[in-house]
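A.B. asks: Task: produce atomic coordinates for the following.
(chains A and B)
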Number of protein chains: 2
Amino acid sequence: MSKPTPLSGFPELLPAQRVVEQLVVDTLRRTFELHGFAGIETRAVEPMDQLLRKGDTSKEVYVLRRLQADDAGSDAGIGLHFDLTVPFARYVLENAGKLEFPFRRYQIQKVWRGERPQDGRYREFTQADIDVIGRDTLPFHHDVEVTKVMLDALRRLAHPDVIGLPGFRLQVNNRKLIQGFYLGLGLSDVDEVMRLVDKLDKLPAEKVAELLVAEAGATPAQAEACLRLATIRTDDDSFVDQVRALGVSHELLDEGLEELATLVRGAAPLADEHVRITADLSIARGLDYYTGTVFETRLDGYESMGSICSGGRYDALASDGRTTYPGVGISLGVSRVLVPLLSRGVLTGSRSVPSVVLVALTDEASRPASDAVADALRARGIACEVAPTAAKFGKQIKHADRRGIPFVWFVGTDEQGAPTHQVKDIRDGNQVDADPAAWTPSTDDLRPQVVSPTTEETSS
Amino acid sequence: MSKPTPLSGFPELLPAQRVVEQLVVDTLRRTFELHGFAGIETRAVEPMDQLLRKGDTSKEVYVLRRLQADDAGSDAGIGLHFDLTVPFARYVLENAGKLEFPFRRYQIQKVWRGERPQDGRYREFTQADIDVIGRDTLPFHHDVEVTKVMLDALRRLAHPDVIGLPGFRLQVNNRKLIQGFYLGLGLSDVDEVMRLVDKLDKLPAEKVAELLVAEAGATPAQAEACLRLATIRTDDDSFVDQVRALGVSHELLDEGLEELATLVRGAAPLADEHVRITADLSIARGLDYYTGTVFETRLDGYESMGSICSGGRYDALASDGRTTYPGVGISLGVSRVLVPLLSRGVLTGSRSVPSVVLVALTDEASRPASDAVADALRARGIACEVAPTAAKFGKQIKHADRRGIPFVWFVGTDEQGAPTHQVKDIRDGNQVDADPAAWTPSTDDLRPQVVSPTTEETSS
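C.D. replies: Residues are numbered from 1 along each chain as shown, chains lettered A, B, ... in the order given. Sure, this is the predicted structure:
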């Protein structure tokens, strides 16, 4: 066939780029497991009636059909999942009798959306979700828990010694707070008010105020109070006093203020120079069915991409009619964060292969001797490969260099016919005697690292 | 919604079962990386014209359609991949200018086939592939290499200290050997002979002999020689003498014998009580486009499932018309091996959560003290969780027990108000003083292990 061209919206990575993605996924997984979250995977497909329960996403679904389906109807009912929440809710209901609640799970999988590809939007992408789900009830401290777990994960991703991604700002709000505020103001259609205030991203404040008067029945004073609430942003619990100063009171507002203040105080110790948490009272998460805490996250320097890590509290993540399963969770867009950084060359892997060592080959007849060195290194956890051909040593060194392999190992024989071993660090040319049963590379060299080629500095 | 029911052919795992799958995938990945194979992932979809290049698989493909596609044609051209070879060949052609050859890659991903689900056949399943691909040429020693790498991986999977799967028998043959033998016998339609001999799985030898005479133009003596070749099975290179004793000679036969003997000799040192390698001259791999080495693998005790790990040498894994990329590879059916073992309860995980420790909660007010213990343990790589409510300690211990968490940590205060710490091994009830900054569980307890509940013995 002729040279294939990429499919728009389906990003793929070169081996060195994949090193970064794999390190990110490993770091997320490790963090989630340290916090007791169990890893599950769900099938890629769900029945269409499940996928279409939220009407507004219907246009994004990929429907599946078997090419040679005997009866057109047999497969008409399944499509690819567009998020990991719908499948997780279904998994919980299907397996409720076999799960222990509260159930903490993480899930790192691809999802598919048939939308028009554009910058930062893909048709296939990886998400990393954490959720805690309870049976009948789920105490509020789990909202604090998922916040801390995701902050812990983001902090590791942003730390220069781990991955070195740009920093993150986690923005939190609480639906009870904003709904209680609107109710306390005397506005009754809180969903409509929230929908209009959510337009502050795209419209000037005066225009939103007009809409609140025209479409949500607000007085100009009520509209102004709504807009003032949405301007409040603090990195500690001082937002409480700022809200109180607006002179509105309502039981639901009190509850929301208390929850959000508890969450910000609980998560604040995890904030550092790379990862910050802000109570941002403009965050509402649009039409999603959240009932308390809501999250959004901006990547430093890439704020225009929008939120790359979002979620919140659902009072009914799943329900089978008899039992209700409340949940709180947050979903990180792994591809949304990484693909722009990788495709712009901001980050890549330090080498395109796992090998630390290329074992050189003197001649084809001595391949068993080179294989034996490789086996001895592998037995001690050192990834390596043997040169494909007995080319001139200069060519074998270039072979290693093109892949980013830092060391080349030479096997020779001394005057008595006994094997001799030397290893060369091809970055500085330093070559020393070495024992295949004892030589060990530095921890930084042992596995591929993340590097920032644009700044010509490694992250570690 | 009402309780959902599973979708036939789309197996899903409970958290404890997923522990086993994750350990298997981690072991495969680690082994492949030690041998210098780079991990890549390809998108789930390929253009339909690529998926349909092999006519015989067309009925298995799932075609994708956007639910709200504006023009019916725009998405008509993509479907889900049914293996990892077609996408890999496409990836190599698409990125040839950015890859270094020979290129060693592993790929562990889900694939989809719309076939009728039956025992051991799924519509969604995970495969683990390794391939080495060259540009223009690829020396034979890479056939030996992929054999050794997969044997190394299978040996770890079968070892009772790692996963403890049943043993494996890798069966190898060489297309040159059998084709050369048929040509040496004077038969010209070697593909037809191979196709008929391949029926020995399903038909008695006499019937196959009749077919060889009737459909492949063989004399009864030629037919008998073909069948005798297919009965040869040896665990070393003694098959060479057995073939020679049949009195057939041909240049291609010599080449095949030499290659297969080299491969068996090279791989034999990796065989042990769990994993064996056999030269099996009945293996032909049906209609696939292999041109030399061919592999199949049987799982001990589950031979009726057929081959669970297959592959071989392609002289043209990919070609863009100007450049040809020969390859050799092998693909392990991860789901095909694991799902039957997990669903029959032969194996499962030792616990359903990553946590080694449940930190008990004295009362809700002391949650920060319990959180602090959990943070101290996590900082040293010990996964843990804090009890969800301050229930009676007996209930908290049961909470740990139901999840398989081996240790419960109690935080108290002494008469001077200083914190006290004790940890209980709930399996034997032993409770001792412990320091959150120093206490460490055994390596076996640190992470979930694979256990065999049916024999009531753990694998480690």
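A.B. asks: check which helix or strand covers residue A:240.
C.D. replies: helix A:239-244 (DSSP states H and E).
A.B. asks: So which elements touch that helix?
C.D. replies: helix A:251-267 (3 or more CB pairs under 8 Å, 6 or more residues apart in numbering or on different chains; DSSP states H and E). Where C-beta positions appear, they are placed from N, C-alpha and C, glycine not excepted.
A.B. asks: what about the helix it packs on, near chain B?
C.D. replies: No. Using CB under 8 Å from any CB of the partner chain, helix A:251-267 never reaches chain B; the gap is at least 8.7 Å.
A.B. asks: According to the record, where do the domains of chain A fall?
C.D. replies: What automatic domain parsing lists as the domains of chain A is A:15-348, A:352-458.
A.B. asks: Buried residues in the helix holding residue A:240, which are they?
C.D. replies: A:239-240, A:242-243 (16 or more other CB atoms under 10 Å in any protein chain shown).
A.B. asks: can you list the residues of the stretch 351-460 of chain A near chain B?
C.D. replies: Within the stretch 351-460 of chain A, the residues that sit near chain B (CB under 8 Å from any CB) are A:352-355, A:367, A:378, A:381-385, A:388-389, A:399, A:402-403.
A.B. asks: Out of those, which sit inside helices?
C.D. replies: A:367, A:378, A:399, A:402-403 (DSSP state H).
A.B. asks: Any of those residues buried? List them.
C.D. replies: The neighbour count (16+ other CB under 10 Å) marks A:367, A:378, A:399, A:403 as buried among those.
A.B. asks: Considering those, which is situated nearest to chain B?
C.D. replies: residue A:378 (4.5 Å; CB to the nearest CB).
A.B. asks: Contact partners for the nearest residue to the closest one once chain neighbours are set aside?
C.D. replies: In space, and not counting its chain neighbours, residue A:378 is closest to residue B:34: 4.5 Å by CB to CB, 6 or more residues apart in numbering or on different chains. Taking CB atoms under 8 Å, 6 or more residues apart in numbering or on different chains as the criterion, residue B:34 is in contact with A:354, A:378, A:381-384, B:152.
A.B. asks: could you dump the residues you listed to TSV with pLDDT and distance to residue B:127?
C.D. replies: Shown next, in TSV, are these (pLDDT from 0 to 100; distance: CB to CB, whole Å):
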residue	pLDDT	distance to residue B:127
A:354	98	20
A:378	98	24
A:381	97	26
A:382	98	28
A:383	98	22
A:384	98	26
B:152	97	18
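A.B. asks: ranking these by neighbours, who comes first?
C.D. replies: Counting neighbours by other CB atoms under 10 Å in any protein chain shown, residue A:354 leads the contacts of residue B:34 with 28 neighbours.
A.B. asks: what's the nearest residue to that one if we skip its chain neighbours?
C.D. replies: For residue A:354, the spatially nearest residue (CB to CB, 6+ apart) is residue B:33, at 3.9 Å.
A.B. asks: got the CA positions of the longest helix along chain A in CSV?
C.D. replies: The longest helix of chain A (DSSP H) is helix A:15-34. Presented in CSV, the C-alpha positions along helix A:15-34 are these (Å, rounded to 0.1, in the frame of the first residue of the first chain):
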residue,chain,number,x,y,z
PRO,A,15,7.9,5.5,20.8
ALA,A,16,9.7,8.3,22.6
GLN,A,17,6.5,10.3,23.1
ARG,A,18,4.8,7.1,24.4
VAL,A,19,7.4,7.0,27.1
VAL,A,20,5.9,10.2,28.6
GLU,A,21,2.4,8.9,28.3
GLN,A,22,3.3,5.7,30.0
LEU,A,23,5.1,7.5,32.8
VAL,A,24,2.0,9.7,33.4
VAL,A,25,-0.3,6.7,33.4
ASP,A,26,2.0,4.8,35.8
THR,A,27,2.2,7.8,38.1
LEU,A,28,-1.6,8.2,38.2
ARG,A,29,-2.1,4.5,38.8
ARG,A,30,0.5,4.4,41.6
THR,A,31,-1.0,7.4,43.3
PHE,A,32,-4.6,6.1,43.1
GLU,A,33,-3.5,2.7,44.4
LEU,A,34,-1.6,4.3,47.4
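A.B. asks: Which stretches in chain A count as helices?
C.D. replies: So, for chain A - with DSSP H - the helices run A:15-34, A:48-51, A:85-95, A:141-158, A:175-185, A:190-197, A:205-216, A:220-230, A:239-244, A:251-267, A:334-343, A:367-379, A:393-403, A:443-446.
A.B. asks: how about these, which one is nearest residue B:437?
C.D. replies: helix A:15-34 (16.0 Å; CB to CB).
A.B. asks: And the closest one, what's buried?
C.D. replies: Judged by neighbour count (16+ other CB under 10 Å), helix A:15-34 contains these buried residues: A:15-24, A:27-29, A:31-34.
A.B. asks: which of the buried residues of helix A:239-244 lies closest to residue A:338?
C.D. replies: Closest approach to residue A:338 among the buried residues of helix A:239-244 (CB to CB): residue A:239, at 32.2 Å.
A.B. asks: right, and the closest one touches residue A:232 too?
C.D. replies: Yes. If you go by CB atoms under 8 Å, residue A:239 and residue A:232 touch, sitting 5.2 Å apart.
A.B. asks: what do those two both touch?
C.D. replies: Contact criterion CB under 8 Å, 6+ apart; residues bridging residue A:239 and residue A:232 by contacting each: A:279, A:281.
A.B. asks: and residue A:39, how many neighbours?
C.D. replies: Residue A:39, neighbours per other CB under 10 Å, totals 18.
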